[in-house]
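K.L.:
Would you be able to build a 3D model of this:
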Amino acid sequence: MFSNIFSTLTTVVIGIGAAVLLYWVLNKLVSFLPRKAQSNVLPYVFILPALLAIIAYLVYPTVLTVINSFKDSISEEWVGWDNYSNLFTQNPYFWESVTNTLLWVLLVPAVAIIFGLLVAVLVDRLKPRAEKTAKTLIFMPMAISAVAAATAWRFIYSVQIPPHDQLGLLNGIWTMFGAEPVPWLTISDARFNSILLMVMMLWAQVGFAMVLLSAAVKGVPTETLEAARIDGANEIQIFRRVVIPQIWPTIVTVFITVTITVMKIFDTVYVMTGGSFKTNVIGLMFFQEMFTNFNNGSASAIVVVLMLAIIPIMVFQVRQFRREEAAR
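P.N.:
Model (predicted):
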């Protein structure tokens with residue numbers, strides 16, 4: 001244990017020291033330039049390491065993935081559009097994964113916004129100390145890794161064959177009323193299985209939505225609310241016609257962020273069901289093609305499809321940020 005802590009601290013210290021040394025050297029090199037050129041060159045020199053990191057860890061892998069999507073399973077021979085053709089016409093699991101992913105996209109972001117906004121409004125009515133405690137407890141699932149959270153929820157959904165006692169919380173409650181234990185994650189209704197997985201995701205994402213939406217609600221001017229009350233509006237009307245319009249940019253931002261998170265969901269499904277019982281999603285299908293079937297071409301094609309689906313959402317998010325900045 002102490003050796004792990006020591007190695008971690010050593011890595012952090014060396015990493016920070018290397019970064020400080022790098023920027024000190026860059027600053028020193030710029031200092032040799034003429035004074036007029038220093039102010040123009042220095043910002044670009046300081047941003048250069050970050051730009052190189054983006055190229056090395058984002059741009060280059062993206063280009064390589066696109067290229068490999070047109071090659072065979074071992075990324076040697078060119079096969080043209082065969083990987084995409086097989087994906088859309090011959091792989092029965094692809095459309096199942098697409099359908100499940102769309103179900104995640106349609107349900108999780110909307111429900112997270114609804115519950116997050118509801119919790120934010122209710123918690124803001126508490127006393128300051130109670131409000132902080134409630135927000136901490138609700139946000140706490142975000143501090144847990146997705147794998148750990150999925151493992152915990154897998155135990156919640158677990159089932160034991162009678163007469164063994166039920167270890168899962170849900171079946172423990174269910175059998176208290178005389179009902180038979182239910183294999184929640186292996187029910188023949190695949191859509192219900194996926195919804196149970198979404199519950200775990202919502203457990204984590206509602207806290208994220210609550211924090212951002214609570215800050216937005218607190219930012220609504222009290223003068224506007226008081227003016228609406230003087231005009232005779234009730235609390236529901238104030239919420240719908242005053243609060244919601246003013247926090248709408250934050251709602252859109254949270255919705256887009258959760259949507260992108262859901263579109264690339266992998267670890268939750270992998271830990272809880274492994275994609276079995278018709279719960280597979282695109283992110284997990286890529287992992288299976290890459291590390292189970294060892295088909296680099298098909299895996300790359302899946303990533304490209306997922307990337308093309310996410311890009312319009314990211315473009316919309318960037319435009320939304322620019323509108324917000326222009327409105328300030």
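
K.L.:
give me the low-pLDDT residue ranges for the stretch 1-150 of the chain?
P.N.:
Judged by pLDDT under 70, the stretch 1-150 of the chain has its weakly predicted residues at 1-2.

K.L.:
quick one: secondary structure of Ile161?
P.N.:
Three-state secondary structure (criterion: DSSP: H, G, I helix; E, B strand; the rest coil) places Ile161 in coil.

K.L.:
That should have said Leu167, apologies.
P.N.:
The three-state label given to Leu167 by three-state DSSP is coil.

K.L.:
Could you verify my assumption that it touches Ile161?
P.N.:
No - checked against CB atoms under 8 Å, the pair Leu167 and Ile161 is beyond contact range at 11.6 Å. Just so you know, the C-beta spots here come from the backbone N, C-alpha and C atoms, and that holds for glycine as well.

K.L.:
These two: who's more crowded?
P.N.:
When neighbours are counted by other CB atoms under 10 Å, Leu167 comes out ahead of the other of Leu167 and Ile161, with 12 against 8.

K.L.:
Now do stretch 307-324: everything it contacts.
P.N.:
Among residues not part of stretch 307-324, those counted as contacts by CB atoms under 8 Å, 6 or more residues apart in numbering are Thr62, Thr65, Pro249, Val252, Thr253, Ile256, Thr257, Thr259, Ile260, Met263, Lys264.

K.L.:
nearest residue to Gln288 other than its sequence neighbours?
P.N.:
Leaving aside its sequence neighbours, Gln288 sits nearest to Gly275 (CB to CB, 6 or more residues apart in numbering; 6.7 Å).

K.L.:
three-state assignment of the one you found?
P.N.:
Remark: Gly275 carries the secondary structure label coil [criterion: three-state DSSP].

K.L.:
residues in contact with it?
P.N.:
Taking CB under 8 Å, 6+ apart as the definition, contacts of Gly275 comprise Ser97, Val269, Val281, Leu284, Met285, Gln288.

K.L.:
Dump those to CSV, plus neighbour count.
P.N.:
Formatted as CSV, the entries for the contacts of Gly275 read as follows, by neighbours: other CB atoms under 10 Å:
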residue, neighbour count
Ser97, 23
Val269, 27
Val281, 28
Leu284, 22
Met285, 27
Gln288, 19
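
K.L.:
out of those, which one sits closest to Val147?
P.N.:
The shortest gap between Val147 and any of the contacts of Gly275 belongs to Val269, at 11.4 Å (CB to CB).

K.L.:
so that closest one makes contact with Leu284?
P.N.:
Yes - Val269 lies in contact with Leu284 (CB under 8 Å); the separation is 5.0 Å.

K.L.:
Quick check: the two most widely separated of the contacts of stretch 307-324?
P.N.:
Within the contacts of stretch 307-324, Thr65 and Pro249 form the most distant pair, 32.8 Å apart (CB to CB).

K.L.:
Need phi/psi at the spatially most distant residue from the centre of the chain.
P.N.:
Counting by CA atoms, centre = their mean, the extreme residue of the chain relative to its mean C-alpha position is Pro34, 46.8 Å from that point. Here the main-chain torsion angles of Pro34 (degrees, to the nearest 10) amount to phi -60, psi 150.
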